[in-house]
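[1] Sequence and predicted model, in that order:
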Amino acid sequence: MSIHPIGVAVPSARGANAPPRALDVERVRADFPILGREVHGQPLIYFDNAATTQKPQAVLDALMHYYSNDNANIHRAVHLLSEQATRAYEEARHKVCRFLGAAAPQEIIFVRGATEGINLVAHSWGRANLHAGDEIILSAMEHHSNIVPWQMLCEQTGAVLRVVPISDDGEFLLDEYEKLLSDRTRLVAVVYVSNSLGTITPVRRIIELAHARGALVLLDGAQAAPHLPMDVQELDCDFFVMSGHKVYGPTGIGVLYGKAPLLERMPPYQGGGDMIKSVTFAKTTYADLPNKFEAGTPHIAGAIGLGAALDYLESIGRERIALHEEMLLRYATEQMSELRGVRIIGNAPHKAAVISFVVDDPPMAALDIGTKLDLEGIAVRTGHHCCQPVMDRFGIPGTTRLSFALYNTTAEIDVFLDVLRGLIADADRKRTGSVSEGPFSVAYAADSFSPASDIEPVYPRAAADSPQAAAQELIEEFELFDDWVDRYQYLLERGEEIPPLPEAFRTEANRVRGCQSTVYLWARKKPGTTDVIEFLADSDAELVRGLIALLERLFSGQRAEDILAFDVEGFFARLGLDQHLTLGRRNGLAAMVQRIRHFAATLTDRKE
Ligand SMILES: Cc1ncc(COP(=O)(O)O)c(C=O)c1O
């Protein structure tokens, strides 16, 4: 037996498919209707729980019941429905209070999510209390939502951010933290469980040390609340934030916990209805806690749904859930550590059920891994996970992340491992195999240059008389495919036809920022012309190479004026790319288009 950081005794490694005795996973799974669906013809395996969790029937029923029976605005009317809605909303607050171990429901403020909770503290407490030269300490593994609000606050007040570094294993470095603490430290805002690495930070010690210096502590509990039993009084944190949708509740609802004396001294965050005692044009007096911080009509159904989610978690037992997830984490970690070429990012000894990894050999972009897993019905998250500083710390553009929940099983992990092994084997074969020839390859000879050679690369020539004509051909080709799985496949194949960009072109100046993968793009004026553009580009992600092939087909060899006049957004919409590419990928595509258009503008009088 080993002791889990939260004090739960955990059985040592089990056999591959032995379910933990403590939790009847099949029964739990039956509570989640969505787990019965298929994705791309395969049973759904949902490993993106750190982004959001699925909802049990009890939560869906609570929402349905509220809207079917009790729907009314709260706190304001004397009629029965309003009383019932108010009671249900306030009951939800009591449930959150118990869930977090707060001293009183007045300390529970309903907000939109962890992000809004942090912004509330930054805006209200921060502006009232911070001055130039004061310091806020964060860790190097914060989610952007626990970085950006503090940066904004620093800009407004002249306060300064200090960042606690992390080790190569992704541990919070307590020694470094102690060195940063000083009499200037006013607030320590740290993540409890890292969403990108899974690290459980030593919050007790962090809080003790901060308090010894007279600083307050805000815990970002967005990932802790779903995984760890929680007692904010015992932890003695000053603020704690969480999101409902990560604990099996609805989106759009979350919680800020604050110690009552602190919240009482803080000015309101937003003004409006329901947060006042009296209003005249001369002066407004504010309501008591918690209403002072809940201006306007709140997400009533969301709070009720969150209450139902917490009831559900309690009915299963949070320690049993922690035990089950610990078993999944250990099993997946052991198995993945044996996969050649796979590197887990984040190996802290105290971790929650999150595994971030990269595949180094053969090199595979996280974007491609995620896209291919999706085609097998496996939902994972890829990219920087809103933790760009973490990716910079490890010198990688992003990871593929598995995050487990109480309904996941070792059998699902086995399916994932099989698929991943297959993807790695495919990539290995491709690496040693030859470049295929497809319809796009007429534009350039696939072997006309190699990264090591000095030979002038062959630029893709015009695929049609104009971007419009090329676009029309592409639309017709895309229409040959019935669904997006086939279109993706088509794009991937086109991407395979792009020759690798010679090393000499992989410069910082040619790097296209804003993409989740590494992308280089080099454009030039076609020799012998005054206004024809040709360009080369490459990426470590196969799908992005497919998009590059699309752009080459549209734009390379075309006149700058024609490129600038072409409605590229309209074209993407006609292909359906606006709906079928994630925001991150659309941003990357937009960044490449912007680079080409910018170059086109330099050949004309137009401004981009
Ligand atoms: C550690 C952490 N903090 C904060 C957030 C922000 O949560 P939300 O988007 O629900 O406000 C997330 C979301 O992924 C998170 O993982």
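    Sure thing, it's come through. Numbering: from 1, shown residues only.

[2] residue contacts, the residue nearest to residue 511 when sequence neighbours are not counted?
    Leaving out its chain neighbours, the residue that sits closest to residue 511 by Cβ to Cβ, 6 or more residues apart in numbering is residue 520, at 5.8 Å. Quick note: C-beta positions are derived from backbone N, CA and C, even for glycine. Shown in contact with residue 520 (Cβ atoms under 8 Å, 6 or more residues apart in numbering): 501, 505, 506, 507, 510, 511, 512, 537, 538, 539.

[3] Tell me the secondary structure at residue 520.
    For residue 520, the assignment made with DSSP: H, G, I helix; E, B strand; the rest coil gives strand.

[4] beta partners of it?
    Taking DSSP bridges as the rule, residue 520 bridges to residue 511, residue 538.

[5] Could you report the neighbour count for residue 272?
    For residue 272, the count of nearby residues is 11 (other Cβ atoms under 10 Å).

[6] I'd say it and residue 295 touch.
    Yes. Between residue 272 and residue 295 there is a contact at 3.6 Å, judged by Cβ atoms under 8 Å.

[7] Helices of the stretch 51-200 of the chain, start to end?
    Remark: helices assigned in the stretch 51-200 of the chain by DSSP state H, counting those that start in this stretch are 57-65, 80-100, 114-121, 127-129, 148-157, 174-180.

[8] Pick the most deeply packed of the ones you listed.
    Most buried of the helices of the stretch 51-200 of the chain, by mean neighbour count (mean count of other Cβ atoms under 10 Å): helix 114-121, with a mean of 26.

[9] Would you mind listing the outside residues contacting that helix?
    Against helix 114-121 from outside (Cβ under 8 Å, 6+ apart): 109, 111, 145-146, 149, 189, 218, 220-222, 239, 241-243, 254-256, 258, 269, 293.

[10] Now narrow these to whatever sits close to the ligand.
    Subset of the contacts of helix 114-121 in contact with the ligand: 145, 146, 220, 222, 243, counting by Cβ under 6 Å from any ligand atom.

[11] Isn't the third one up against residue 190?
    This points to residue 220. Yes. The criterion here is Cβ under 8 Å, and residue 220 meets it with residue 190 at 6.8 Å.

[12] what sits in contact with each of these two?
    Applying Cβ under 8 Å, 6+ apart, one finds that residue 220 and residue 190 are jointly contacted by 142, 146.

[13] Between the two, tell me which one has more neighbours.
    residue 220 (28 against 25).

[14] Tell me who's in contact with the more buried one.
    Listed by Cβ under 8 Å, 6+ apart, the contact partners of residue 220 are 114, 118, 142, 143, 145, 146, 189, 190, 191, 192, 241.

[15] ok, back up a step: among the contacts of residue 520, which pair sits farthest apart?
    Farthest-apart pair in these is 507 and 539; separation 14.9 Å (Cβ to Cβ).

[16] Those two - which one has more neighbours?
    Taking neighbours as other Cβ under 10 Å, residue 507 and residue 539 compare with residue 539 leading, 27 against 10.

[17] okay, the more buried one: pLDDT?
    You'll see residue 539 listed with a pLDDT of 90.

[18] Residue 514 too?
    Confidence at residue 514, expressed as pLDDT, is 73.

[19] that older thread, please tabulate the contacts of residue 520 in TSV, including the columns distance to residue 493.
    Output for the contacts of residue 520, formatted as TSV (distance: Cβ to Cβ, whole Å):
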residue	distance to residue 493
501	19
505	23
506	24
507	28
510	25
511	26
512	22
537	17
538	16
539	15
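
[20] and those, which are buried?
    501, 505, 510, 512, 537, 538, 539 (16 or more other Cβ atoms under 10 Å).

[21] so can I have TSV of the residues you listed showing distance to residue 312?
    Listed next are these as TSV, based on distance: Cβ to Cβ, whole Å:
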residue	distance to residue 312
501	52
505	55
510	52
512	45
537	49
538	48
539	43
